[in-house]
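*Asks:* following is a predicted model, sequence given first.
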Amino acid sequence: MHSPLPLAALVLSALPLAASAEMIEKASPHTVAQTLDRLEAAVTGAGATIFARIDHAGGAAKIGAELRPTEVLIFGNPALGTPAMQDAQTAGLDLPLRVLAYRDADGRVRVAYHAPADLVATHGLPADAAYLAKMTGALEALTAKAVAAE
């Protein structure tokens, strides 16, 4: 006699497999704080809005835990984000854009962000949307400024 599949297995087998998100990473010759300072200057210089800067290591320290320097900058441009959310309001879960800067276990500083093209699979946005190309170009240019050697 065969035992019935557990309910959890049935539910999980019915879910579509999530597309693997593409994470873009770049090395930075600067500290985490300097890298995000440079990114922040590039973002404001480009006319975009800074919404938040989150210091994860600072948060960890508040609970007595250690975390290598890790910060996130959340920023955007309503001229790009609004059309994306008009196409799929759920894109608001992943917008505004965010870039993580962190010091890895080997002491190297890195910046990381998800490719805007991931929004296509996640939220059903049109793959040929002009705003996705603009977001991609902006993230590439802004992070390049943040990690550029002086």
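*Replies:* Perfect, I can see it now. Numbering: from 1, shown residues only.

*Asks:* and stretch 89-99, how far out from the chain middle?
*Replies:* 9 Å (Cα atoms, centre = their mean, to the nearest Å).

*Asks:* stretch 57-67 now?
*Replies:* Distance, centroid of stretch 57-67 to centroid of chain: 22 Å (Cα atoms, centre = their mean).

*Asks:* give the rounded mean pLDDT of it.
*Replies:* For stretch 57-67, the mean per-residue pLDDT is 97.

*Asks:* endpoints of it, how far apart?
*Replies:* 5 Å (Cα to Cα, to the nearest Å).

*Asks:* that stretch: which residues count as buried?
*Replies:* residue 57 (16 or more other Cβ atoms under 10 Å). All C-beta spots, glycine's among them, are computed from the backbone N, C-alpha and C.

*Asks:* contacts for it, please.
*Replies:* 56, 68-71 (Cβ atoms under 8 Å, 6 or more residues apart in numbering).

*Asks:* just among the residues you listed, which is most surrounded?
*Replies:* residue 71 (20 neighbours; other Cβ atoms under 10 Å).

*Asks:* just the element for that one, please.
*Replies:* In the assignment (DSSP states H and E), residue 71 maps to strand 70-76.

*Asks:* which positions in that strand come out as buried?
*Replies:* 70-73, 75-76.

*Asks:* other SSEs contacting it?
*Replies:* helix 32-45, strand 49-55, helix 56-62, strand 97-103 (3 or more Cβ pairs under 8 Å, 6 or more residues apart in numbering; DSSP states H and E).
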